[in-house]
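Enquirer: Sequence first, predicted coordinates after that:
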Amino acid sequence: MTRTVREDAGELISAASALYADDPQAREILADLDRRLREPLRLALAGMVKAGKSTLLNAMLGEEIAPTDAGECTRVVTWYRYSDTPSVTLHSHDGETRRLPVKRDKGHLVLTLGGVAPEEVHWIDVGWPSAGLRSVILIDTPGIASISQSTSARSTTFLTPDQSPSSADAIVYLLRHLHASDLKFLEAFRDTAAGVSQTVNALAVLSRADEVGSGRIDSLLSAGKVARRYENDGDLASLALGVIPVAGLLAEGARTLKEKEFAAFRELAALDKADRDRLLVSADRFVRPTDAVSLSEKARKELLSRFGIFGVRLATALLRGGVTDSTQLAERLVQQSGLNDLNIFVRDQFRTRADALKVRGVLSGLEKLLRDFPREGDAAIAAGIERIHATAHTLRELSLLSRARLAGLPLPDAASVDAQRIVGGSGTPDAVRLGLSEDARTDEQRAAVDALLVRWRTLAQSPLTERAGVEVCRVVIRSLEEIASHLRALGPDGAAADIDPASGPAQPRGEGADEEGEQDEDRLQREELAQDLAVAARGDQL
C-alpha cells in the first residue's frame, strides 16, 4: 500500500523522539508536533475587533457556542474541538491546566476564566459533541488592532510567532474594510505559517456583508462586487486565495432558527404592505412602539439582535415569496448569507489539503528543533525532511501555487492560469482541476485529461520553454497523471471499477515514463529514509 506524506512525517517524529529521548524540552516539542499531525485540520478565525469572528464560528457549527459579547473570554485564544462530552479546560502560560465548569444560559455556552487574569491564560480548550468538529478544529482569536495591545498581542503571538511556524494550519481572516492592519497581519501570517506557506492557507471573508448595502435586500450583491474588487487588489491577491462575502449574523440566526422566530416572521410577512414597509424602513423604526403589529417591542428587539435588519427583511420577503415552513426558511436564509460558499471553499481548499498543510507545519517545527537542539545523529532527520519536500507531490503543488501568487509563473498568461487550476488553485476535485463542471461525466474528464497531458508535455519539450518553466510543467504533468490514474480506476458511471491494475491497457512508453521515473525515485528515497532513520533511532553516528 502506498505510504502517505503524513505517515512519512510521523516516522520522522518517531525517529526524532528516539534521538532526543534524554531531552525533556525536545520531547515536549515533538509530542506537540505528533499531536498536531494526528489532529484534524486546525482552522483559525482572525480579524480586527468586532469583525464577527465568534458569530461566524457559531454559524459554521450551527450552534451558539462561542461567546459573542465583549466578555473576558473574547480576549483569549479559544480552541473548539470534538469531544463526546462537553468540557472546558484552561491552559495557563506556566503550563498548568484547570477544568472550568460548563455553563449554558438560554442555549449559549457561558465561558468564564474562574478568576484567572486574561494575561495569565495561554489558551482555552473547549470540547464539544458537535459533528462539525469531527473533521476540523476551530480556533477563535482575539481581535487584532485592539485598543488593548495585550489583547492584540495574543492573536499575533499565536498566529504569527517570530521563531516558529503558526499553530494554525489555515486561517479565515475576517475584514470589513481593507485596512493597512489587515494587510500587515496577513503578510506576517504568510511569512510564518506552516513553513512559509504563503497564500495557500489563507482566505479572506468580507464579514458583516449585509451592512455593505445598508441592510437592503440586495446587500449581498453589493458585497459581492466589493469582494471581487478586493480579490483583484494586488496587495490582497498575493496574501489570500480569495475573498468571500458572508453575512455572519444572518448565517448564525438561520442555522439556529427557532419555531417562535419563524412564527414572528410569518406574522410580519402577513402585515399590510404599507404597515410592513413603514416598520422595516430602518432598525430604529422596527423596534419603536407601534400598533401595526402584535409582536411586542421585546420580541422585535430579539429578532433584530439575532438576524439584523437585513435578515428580518429577507425572511419576510422569502415567506411572501412562497416559503412555507421553518426548515425551508432556514435553508434559504443560509444560502443567501454566503455561508455555503464559505463552507465549500474551506472544504475544497483546506480540508482536502489537510495532510499537506499539516505536514508543512510539522516539518517546519522539526527543522526549528534541529536548529535549536543540534546533536550528533540529526543528519538523517534533516535528510528525511528534505526528501519529503522533494518527493511529496502535494507539497510541490502548494509551493507552485505560492510562487504563482507571489511572483507569477515563468509561462504565458493563459498557461499560467491553467497551471494554477490544474494543481488545485480553484479547488481539488478532479473535474474542477480539468476546467469542467463538478458533475462532468467520467468520459468527459478522461478526454479532457488526455488532451491536457498532450498539451503540457508538448509545452515542457518545447525549446522555447525556459528551464524554470519546464519545472512548472513537470509539476502540472504529475498532477494530470494522478488525475488520469484516478479516472482509470473508475467505471463508466464514475463508480469505482473492480479492475486489476496489472491487466489494464498497455500504455505507450513515452506517456508514463516520467511518472514511473518519479515513482521509482520516490521508492528509492523512501527506502534510504527508512534506513537512515533506523540508524538515527539507535543513536549511531552518521
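Expert: Arrived safely.
Enquirer: Can you say which helix or strand has Ser17 in it?
Expert: helix 5-19 (DSSP states H and E).
Enquirer: avg pLDDT for that helix?
Expert: Mean pLDDT, computed over helix 5-19, is 93.
Enquirer: and after it, which helix or strand comes next?
Expert: helix 24-38.
Enquirer: got the contact list for that next one?
Expert: Defining contact as Cβ atoms under 8 Å, 6 or more residues apart in numbering, one finds that helix 24-38 is touched by 6, 9-10, 13, 16-17, 20-21, 42, 167, 358-359, 361-362, 365-366, 369, 373. All C-beta spots, glycine's among them, are computed from the backbone N, C-alpha and C.
Enquirer: again, 10 Å this time
Expert: By Cβ atoms under 10 Å, 6 or more residues apart in numbering, the list of residues contacting helix 24-38 from outside reads 6-7, 9-10, 12-14, 16-21, 23, 42, 95, 137, 164-165, 167, 169, 355, 358-359, 361-366, 368-370, 372-373, 375.
Enquirer: which of these count as buried?
Expert: By neighbour count, with 16 or more other Cβ atoms under 10 Å, those hold 6, 9-10, 12-13, 16-20, 42, 137, 165, 167, 169, 355, 358-359, 361-366, 368-370 as buried.
Enquirer: follow-up on the earlier one: now do the helix holding Ser17 and helix 24-38, the angle between them.
Expert: Calculated by axes from the mean of the first three to the mean of the last three Cα atoms, to 10 degrees, helix 5-19 forms an angle of 170 degrees with helix 24-38.
Enquirer: chain center to helix 5-19: distance?
Expert: 25 Å (Cα atoms, centre = their mean, to the nearest Å).
Enquirer: now stretch 379-391
Expert: Distance, centroid of stretch 379-391 to centroid of chain: 26 Å (Cα atoms, centre = their mean).
Enquirer: avg pLDDT for that stretch?
Expert: 89.
Enquirer: in it, what counts as buried?
Expert: Applying 16+ other Cβ under 10 Å to stretch 379-391 flags 380-385, 387-389, 391 as buried.
Enquirer: In helices only, show me these.
Expert: 380-385, 387-389, 391 (DSSP state H).
Enquirer: Who are the packing partners of the helix holding Ser17?
Expert: In terms of contacts (3 or more Cβ pairs under 10 Å, 6 or more residues apart in numbering; DSSP states H and E), helix 5-19 is packed against helix 24-38, helix 354-372, helix 379-391, helix 393-407, helix 509-538.
Enquirer: In terms of mean pLDDT, which of these ranks lowest?
Expert: helix 509-538 - the lowest mean pLDDT of the helices and strands packed on helix 5-19, at a mean of 45.
Enquirer: Each with direction, which strands does the helix or strand where Ile137 lies pair with?
Expert: Following DSSP H and E, one finds Ile137 within strand 136-140. Strand 136-140 pairs in its sheet with strand 41-47 (parallel), strand 78-82 (antiparallel), by DSSP bridges.
Enquirer: Run the chain-centre distance for the shortest one.
Expert: So that's strand 78-82. For strand 78-82, the distance to the chain centre is 15 Å (Cα atoms, centre = their mean).
Enquirer: Going by contacts, tell me the helices and strands next to the helix or strand just after it.
Expert: Going down the chain from strand 78-82, the next helix or strand is strand 87-92, by DSSP H and E. The criterion is 3+ Cβ pairs under 10 Å, 6+ apart, and the helices and strands that strand 87-92 contacts are strand 78-82, strand 97-100, strand 121-128.
Enquirer: Arg313 is nearest to which of those?
Expert: Closest to Arg313 of the helices and strands packed on strand 87-92, according to Cβ to Cβ: strand 78-82, at 31.3 Å.
Enquirer: Could you give the average pLDDT over the closest one?
Expert: 94.
Enquirer: of all the helices and strands packed on strand 87-92, which lies closest to Arg441?
Expert: strand 78-82 (36.6 Å).
Enquirer: tilt between the closest one and strand 121-128?
Expert: Using the same axes, to 10 degrees: strand 78-82 against strand 121-128 is 30 degrees.
Enquirer: and the angle for strand 78-82 with strand 87-92?
Expert: Using the same axes, to 10 degrees: strand 78-82 against strand 87-92 is 140 degrees.
Enquirer: Keeping just the C-alphas, turn strand 78-82 into CSV.
Expert: Extracted C-alpha coordinates of strand 78-82, given in CSV (Å, rounded to 0.1, in the frame of the first residue of the first chain):
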residue,chain,number,x,y,z
THR,A,78,-10.1,29.6,22.4
TRP,A,79,-10.0,26.2,20.7
TYR,A,80,-13.1,24.2,19.8
ARG,A,81,-12.6,20.5,19.2
TYR,A,82,-14.8,17.5,19.1
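Enquirer: can you put the helices and strands packed on strand 87-92 in CSV and add distance to Ser426 and mean neighbour count?
Expert: Shown next, in CSV, are the helices and strands packed on strand 87-92 (distance: least, Cβ to Cβ, whole Å; neighbours: other Cβ atoms under 10 Å):
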stretch, distance to Ser426, mean neighbour count
strand 78-82, 29, 21
strand 97-100, 42, 13
strand 121-128, 33, 20
